[in-house]
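Colleague: Got a predicted structure here, sequence first:
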Amino acid sequence: MLLPELLASKNIILASNSPRRKEYLQQLGLVFETKPTNADESYPDDFLASEITDHIALQKALAAGALKATDLLIASDTIVWHQNQALGKPNNEEEAVAILSSLSGKTHEVISSVCLRTAEKTVVFNDITAVSFKALTLEEIQFYVANYQPYDKAGAYGIQEWIGLIGIEKIEGSYTNVVGLPMEKLYQQLILFVS
């Protein structure tokens, strides 16, 4: 039995406003509603890498409150992890340019965590993808930031956008994870979750 049939009796809720996450779930053939939560996205100072995204994905899922028996909530969080530091979404042009300059010519990790939650159980899992940028010129970085305004993206870039086309030399791991939802892993985890 394929996933849409397995989940036919579930009221699937995506706790995200991300157009990319919505598109991926639609491509899986799932019928769902979108209900972003206002979760506290802070985390303890000693958390590293996937501990951060696991924690925030769980907080997003818990912020949805009580669930009905048929509800299946999907919450997610993505960060760029570089030089032992989490790079979130830039607040302005200056921050976006600084983040992309720090990633230029280097390899970083993109970490996405997903929380699956029903009234009875909660599961959190994550995926990590290594992404290598070529050495970007300041002109390329400034052009991208000015024209694509990546203020809603962890690490100040979207791999599916211009900067990804001209600047990514190599990725090791899931492409969809870099976009914000590790689809192959999510597919497998959803099957396990409802079986």
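Modeller: Alright, I've got the coordinates.

Colleague: just so I have it, where are all the strands in this structure?
Modeller: When secondary structure is read from DSSP state E, the chain shows strands at 11-14, 32-34, 71-82, 85-87, 107-117, 122-133, 168-172.

Colleague: hang on, residue 125 packs against residue 185?
Modeller: Yes - if you go by CB atoms under 8 Å, residue 125 and residue 185 touch, sitting 6.5 Å apart. All C-beta spots, glycine's among them, are computed from the backbone N, C-alpha and C.

Colleague: Mutual contacts of those two, please.
Modeller: Common contact partners of residue 125 and residue 185 (CB atoms under 8 Å, 6 or more residues apart in numbering): residue 114.

Colleague: give me the number of residues near residue 68?
Modeller: The number of residues packed near residue 68 is 9, by other CB atoms under 10 Å.

Colleague: Please report the distance of it from residue 175.
Modeller: Taken as CB to CB, to the nearest Å, the spacing of residue 68 relative to residue 175 amounts to 34 Å.

Colleague: Check residue 15 too.
Modeller: Taken as CB to CB, the spacing of residue 15 relative to residue 175 amounts to 23 Å.

Colleague: cool, residue 132 as well?
Modeller: 13 Å.
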